[in-house]
Structure formats: structure tokens, C-alpha cells
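J.: Here is the input, now give the coordinates:
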Amino acid sequence: MTEFMGYVRPDGSVGVRNLVLILSGTLYANKVCAHAANIILNSVAIEHPLGRTQVKPDLAMTRRFLAGTAANPNVGAVVIVDHFREEGMTAEDLANDIAFAGKPVATVNIRTEGGFYAALEQTLRYAADYTRTLSDQRREAVPVSKLVFGMNCGTSDTTSGLSSNIATGMVSDRIVAEGGRSIMAETTEWMGAEEWLTSRAVNQEVADKILAAVAHMEARALASGEDIRGSQPTGDNILGGLSSIEEKSMGATKKAGSTAPVAGYLEICERPSNTPGLYVMYGPGHGGESITSIAAAGAQVLVFSTGGGHTISHPIMPTIKATGNRGSFAAMQDTVDLDLSGILHDEYSMEEGAQKLFDEVLATCNGRLTKSEVLKDHNGFAIHRIGASI
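T.: Numbers count the residues shown, from 1 in each chain. This next block holds a predicted model:
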């Protein structure tokens, strides 16, 4: 069995990072969190524009995204900062949601503490104490079966479905073969490739859910006056040589690999069961929302396959960007981690390319920083929305 060195958590999950998360419960706590994270080593702030005056389904969605992020194994301890008290979205509500993970959690309320400065001071004290405590923890050897592997793609072009997406799928297959799990989201990019995806499902129930998810996503878009089949592929996809949503989907779903069964269907942010396999998750093609939902479901590392090059990176889930386009790597090499263009230039085989990517995933799990982590460029956090603000 292949191993990696990770941080074993009280609930048995394993982190590949050991972060203190300073989590904003609402828009109005963002700057307290940001200031604290700028001061405390090995801490990350989550900022967002939501958490208040949302319709109840959206407030519940925001809560799912935030709680799932805090429960991710890469987070060793959490400080939740609240502004006042939004019913159904308090710091205490979020703390209760992640109690199952067994990690240290503290809450700060700006109003109760006496304002911005006092709340910042208390946040700093909690975060500093947690950082010192976490510094005593050491990585342990654990099997790859402990991995939940995330997969996403963006700024796709003709090279994506012929190289980096296939290599990503081969890595997924290998992780599943060793007892791990993988998650692929982006429901809009199953459209046109549903039959191939449902043929991999472990049973008819999973297959039916995949078909229903595509139909639901298309119906939502049509209800807003948007025809996905007319708006996809996007402008950058077209520049990259993709002519239709079906062509884009046939390349995008190559991330699903070829041997691992589709073990289950997940609603957005839902954690997979302990059964090894590939899990497909409902969600939009919006890159930030997609990778955030995968991280909230517990994935510790993600490969983001990008034909044209991309800067996206999640704050707590190392995001390995790989491309099969040599020109894109040359243009974006300060943020794209791995050049797999040798596959299409006949410099090495697809299998060798997949091995390069697998080695990069393991190295990242063992502590190698992605380029975006080095730059502190965490631009990939976004929360999915259902309705209007109120």
C-alpha cells in the first residue's frame, strides 16, 4: 500500500495540512478574521459576503459550506467570529455542526466582546494558543486509503480531455484501487456524457440520480432565461478549440477515470460514505463554488486540470494545477504546478504522465507547497446560492 505522511485527527480522518482556520460567520466579521490571519503564523481566514439576510434555504446552504470547510481534516483548530446573532447561523451553531470532528473550536462575538478591537484581540489569543498547540503535532505514516481526492477542471481546451484530465482520472483510479475515495463535481460538465457516466454507476439508483441532477441543473438555468447548451462552452473554451457542451463534457468527465466505479451520488457539500470509489457531486461549473464544495465534503487535496492556465486555489485544500498545454504552462508557470504537455508531444506515455501527477499529489500530501500556497493566493472560496437576498 502506498503511504503518505499526514496529521491524524480525533475522528480518524487525516489532514495533509495543519492549519488554524479563522472563520467568518458573516460578512461583517470578515476583517477581524483577515487581520488576525495576517498576524498569526499558519492560520488562514475564510471571508465571504453571506451569512445574513438570506432566504432560509440559502442560509442553510451557507452554513453547510462553512461548517464543512471547518470540519475538513486539513484544519487542526477553528476560531469562529460572529458579528451579532443571526438565527440559524450563529458561531455556536457552526461550532455544534463540527463538534463531531473533535477538534478545538472557539467562538468570538464582536458585539459581546465590545467591538472590533476587543474581538480582534480575543481572536488573536485563541488563534495563537491553537497554533502553538498544533506545532507539537507530528506527521504520521498513513495509507492512501485515507485520502479523499478532489478533481476539477477549468479554462479547458482541446488538450484537457486528451491529456491532463485523463491523467487526473488515472490518479483517481489508483487512489480508489488502494481503498481511497475521489470526488468529481461540476454537474453542467456531465451534460452530453451522461450515458458514459451512468454506465459506471454501481446501481440504477446512482445512475438515476446522475440523470436527475443534470436535468435539474439545466432546468434551473432555463428558469432564469439561460440555455446552458447555448452559453457553454465558454469564451475561453472556444478559444481553446472546444465547439460544444457535449465535446467539453466528454473531455471533462475523463477526470472520472476508467476503472473505479461511481460508488455514490452526493448533494453539494455532502461527505462521501466510507466505501471506496468515485463519488459525483451536484454543483455548478463555477470553479470557486465547485472546489469549495469538494473541500467542504472533506477532500484534503485537489487536482485542477486547466488547458488555458488558471490561478484558482482553495484556502485550506492544496490545489495542484496541471496542464497539458505547453504554451499555457509557459504563460502561467508561476501558478500552474505541473506541465503534462509531454503526453501530447510524445515525450512520455499517458501512464508516465499519470505517474508524474500521482507523485505530485503524494508530495503535496507530504508537505510540498503548491505554487499558490507559496504566493498566499487563496482566491478559490465561493458559496453556492439558491435564491435572492432579502
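
J.: which stretches of the chain aren't confidently modelled?
T.: Along the chain, the parts satisfying pLDDT under 70 run over 227-249.

J.: Could you chop it up by domain?
T.: 19-134, 144-374 (automatic domain parsing).

J.: Could you find the closest non-adjacent residue to Leu211?
T.: Closest residue to Leu211 apart from its sequence neighbours, by C-beta to C-beta, 6 or more residues apart in numbering: Glu194 at 5.8 Å. For glycine as for every other residue, the C-beta is placed from the backbone atoms N, C-alpha and C.

J.: can you tell me which residues contact that neighbour?
T.: 210-211, 214 (C-beta atoms under 8 Å, 6 or more residues apart in numbering).

J.: and it, how far is that from Arg181?
T.: Glu194 is 22 Å from Arg181, where distance means C-beta to C-beta, to the nearest Å.

J.: same deal with Val374?
T.: Taken as C-beta to C-beta, the span from Val374 to Arg181 is 28 Å.

J.: Which of these two has more residues huddled nearby?
T.: Arg181 (27 against 10; other C-beta atoms under 10 Å).

J.: Okay, Arg326 and Leu340: tell me how far apart.
T.: Distance from Arg326 to Leu340, by C-beta to C-beta: 9 Å.

J.: And Pro315, by the same measure?
T.: Pro315 is 25 Å from Leu340, by C-beta to C-beta.

J.: neighbouring contacts of stretch 137-150?
T.: Here stretch 137-150 has contacts from 1-8, 13-14, 18, 76, 171-172, 175, 178-183, 272, 276, 291, 294-295, 297-303, 317, 361-362, 365-367, using C-beta under 8 Å, 6+ apart.

J.: Tell me where this protein has strands.
T.: Secondary structure of the chain (DSSP state E): strands located at 3-8, 14-15, 19-24, 43-46, 75-82, 105-109, 140-143, 148-154, 181-184, 262-266, 277-281, 301-306, 319-323, 338-339.

J.: I'd like a version of those strands in CSV, one that adds distance to Glu226 as further columns.
T.: Output for those, formatted as CSV (distance: least, C-beta to C-beta, whole Å):
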stretch, distance to Glu226
strand 3-8, 42
strand 14-15, 39
strand 19-24, 31
strand 43-46, 29
strand 75-82, 36
strand 105-109, 40
strand 140-143, 44
strand 148-154, 19
strand 181-184, 23
strand 262-266, 24
strand 277-281, 22
strand 301-306, 24
strand 319-323, 28
strand 338-339, 34
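
J.: Can you say which of those is nearest to Gly380?
T.: strand 319-323 (6.4 Å; C-beta to C-beta).

J.: and the angle for the closest one with strand 148-154?
T.: Per axes from the mean of the first three to the mean of the last three C-alpha atoms, to 10 degrees, the angle that strand 319-323 makes with strand 148-154 is 50 degrees.

J.: So what are the sheet partners of strand 319-323 and their directions?
T.: strand 301-306 (parallel), strand 338-339 (parallel) (DSSP bridges).

J.: Most tightly packed of those strands?
T.: strand 301-306 (a mean of 30; mean count of other C-beta atoms under 10 Å).

J.: So what angle separates the directions of it and strand 3-8?
T.: Using the same axes, to 10 degrees: strand 301-306 against strand 3-8 is 120 degrees.

J.: Now do the residue nearest to Met332 when sequence neighbours are not counted against Met350, distance only.
T.: Nearest residue to Met332 in three dimensions, chain neighbours excluded: Gly309, at 3.3 Å (C-beta to C-beta, 6+ apart). Separation of Gly309 from Met350 (C-beta to C-beta): 21 Å.

J.: Those two: which is more packed in?
T.: Gly309 (21 against 15).

J.: Check whether the more buried one really touches Asp334, as I assumed.
T.: No - with contacts counted by C-beta atoms under 8 Å, Gly309 stays clear of Asp334, the gap being 10.1 Å.

J.: Now do the end-to-end distance for stretch 382-390.
T.: 19 Å (C-alpha to C-alpha, to the nearest Å).

J.: In it, which residues are buried?
T.: 382-385 (16 or more other C-beta atoms under 10 Å).

J.: List the residues that contact Asn366.
T.: So Asn366 contacts 4-5, 16, 139 (C-beta under 8 Å, 6+ apart).

J.: Just the buried residues of those.
T.: Counted by 16+ other C-beta under 10 Å, these give 4, 16, 139 as buried.

J.: out of the strands of the chain, nearest to Thr198?
T.: Using C-beta to C-beta, the strands of the chain put strand 262-266 closest to Thr198, at 7.9 Å.

J.: Skipping its backbone neighbours, what lies nearest Gln54 in space?
T.: Closest to Gln54 by C-beta to C-beta, 6+ apart is Ser389, at 6.1 Å.
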